[in-house]
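**Student:** Here is the input, now give the coordinates:
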Amino acid sequence: MDPINQILNMVFTVEAFLLVFVIVLLKSSVKFVPQNRAWLIERFGKYQSTKEAGLNFIVPFIDRIAADRSLKEQAQDVPSQSAITKDNISLIVDGVLYFRVLDPYKATYGVDDYVFAVTQLSQTTMRSELGKMELDKTFEERDLLNTNIVAAINQAAEPWGIQVLRYEIKDIVPPQSVMEAMEAQMKAERVKRAQILESEGDRQANINVAEGKKQAQVLAAEAEKAEQILRAEGEAKAIIAVAEAQADALREVGAAADTEQGQKAIQLDLATKAIAAKEAIAKESSVVLLPDNATDASSLVAQGMSIINTLNKTQKLQ
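**Tutor:** Okay, here's the model as predicted:
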């Protein structure tokens, strides 16, 4: 091989090497950061910058990616642990922690493992908050307990660049003896409510029955009162009608007696009554004394009136 060809081969080899080297440099210097992620760049072992989503450039062989942090919301399971309430009841509690990285620099250089740190912090905070509450309140005020835990964790995790969004208690398990006591209490409470409802029903039924009887008596009294009023009104109308009839009859008799024919009729009626009176006296006594002038009509009428008065007095004495 002649020297020219050797030189050309060497040139082509150097060019190829340079081309490969340039490609490697470009590949090492151009970085595409995904969405919702942050890359922390160190230069000679010292923090240099934070690269956010998109096209970024670094110095090859000098800069390096020290950490890759996700900016998404993360869910971390908090393992079960034992906690003691204010009334000295031991509970087994577990939960779920939702958080995200606000400051990638603090999350990388402020704490060694922020996931482990925030998990441990949530456990200790949960034990502390449960120690401030009684057993019944832990079930009734779970939302308040979750809110207090989130506030306490955020205050402690601020130097780490972590924000806790929410904390949810998955399960609270009291001891078996406490569960049996709670079940007995709930059963007694249900029996109590049933008895109260039953007594309320009986009371309402008795009230309804008494109210019905009262209304029936009131209606009966009102009906009797109305009947008496109607009867009295009927009797009063009847008495008025009889009195009016008698008055009309007396007026008719008086009008007839005011005439000559009426006087004769009266005398005839009185004579007839006198004769009837004598017959009644004759039935009572075997002896009847008559005056001599008994044949006179006026005398006969006078005698009849006397006999009638005598009979009336005798009936009154009897």
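**Student:** Please state the backbone phi and psi of residue 73?
**Tutor:** Here is the backbone geometry of residue 73 (degrees, to the nearest 10): phi -70, psi 130.
**Student:** from what I can see it touches residue 165, true?
**Tutor:** Yes. Using Cβ atoms under 8 Å, residue 73 makes contact with residue 165 at a distance of 6.3 Å. C-beta coordinates here come from the backbone N, C-alpha and C atoms, glycine included.
**Student:** overlap in contacts of these two?
**Tutor:** 98-100 (Cβ atoms under 8 Å, 6 or more residues apart in numbering).
**Student:** Now which of those would you call buried?
**Tutor:** Buried subset of those (neighbour count, 16 or more other Cβ atoms under 10 Å): 99-100.
**Student:** can you give me the strands in this protein?
**Tutor:** Applying DSSP state E to the chain gives strands spanning 30-33, 37-43, 46-51, 54-57, 63-70, 74-84, 90-101, 162-173.
**Student:** Adding distance to residue 183 and mean pLDDT, write those out as TSV.
**Tutor:** Shown next, in TSV, are the strands of the chain (distance: least, Cβ to Cβ, whole Å; pLDDT from 0 to 100):
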stretch	distance to residue 183	mean pLDDT
strand 30-33	56	86
strand 37-43	50	90
strand 46-51	56	89
strand 54-57	59	86
strand 63-70	45	88
strand 74-84	21	88
strand 90-101	16	90
strand 162-173	14	88
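**Student:** Of those strands, which is nearest residue 248?
**Tutor:** Go through the strands of the chain one by one with Cβ to Cβ and the one that ends up closest to residue 248 is strand 162-173, at 103.5 Å.
**Student:** With only the CA atoms kept, save that closest one in PDB.
**Tutor:** Extracted in PDB, the C-alpha atoms of strand 162-173 (Å, rounded to 0.1, in the frame of the first residue of the first chain):
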ATOM      1  CA  ILE A 162     -43.100  18.100  50.600                       C
ATOM      2  CA  GLN A 163     -46.800  19.000  50.700                       C
ATOM      3  CA  VAL A 164     -49.200  16.500  52.200                       C
ATOM      4  CA  LEU A 165     -52.600  16.900  50.400                       C
ATOM      5  CA  ARG A 166     -54.700  14.600  52.600                       C
ATOM      6  CA  TYR A 167     -54.500  11.600  55.000                       C
ATOM      7  CA  GLU A 168     -57.100   8.900  55.100                       C
ATOM      8  CA  ILE A 169     -57.500   6.400  57.900                       C
ATOM      9  CA  LYS A 170     -58.300   3.100  56.300                       C
ATOM     10  CA  ASP A 171     -59.200   1.100  59.400                       C
ATOM     11  CA  ILE A 172     -59.400   1.400  63.200                       C
ATOM     12  CA  VAL A 173     -59.300  -2.000  65.000                       C
END
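**Student:** measure residue 225 to residue 217 for me?
**Tutor:** According to Cβ to Cβ, to the nearest Å, residue 225 stands 12 Å off from residue 217.
**Student:** make that residue 130, sorry
**Tutor:** For residue 130 relative to residue 217 (Cβ to Cβ), the value is 64 Å.
**Student:** So for the two, which residue has more residues nearby?
**Tutor:** Taking other Cβ atoms under 10 Å, residue 130 and residue 217 do not tie; residue 130 has more neighbours (26 against 10).
**Student:** residues touching the more buried one, list them.
**Tutor:** 83-85, 91, 93, 138, 145.
**Student:** Make JSON lines out of the residues you listed and add neighbour count and distance to residue 231.
**Tutor:** Converted to JSON lines, the contacts of residue 130 look like this (neighbours: other Cβ atoms under 10 Å; distance: Cβ to Cβ, whole Å):
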{"residue": "83", "neighbour count": "19", "distance to residue 231": "87"}
{"residue": "84", "neighbour count": "12", "distance to residue 231": "87"}
{"residue": "85", "neighbour count": "19", "distance to residue 231": "81"}
{"residue": "91", "neighbour count": "19", "distance to residue 231": "83"}
{"residue": "93", "neighbour count": "21", "distance to residue 231": "85"}
{"residue": "138", "neighbour count": "22", "distance to residue 231": "78"}
{"residue": "145", "neighbour count": "23", "distance to residue 231": "80"}
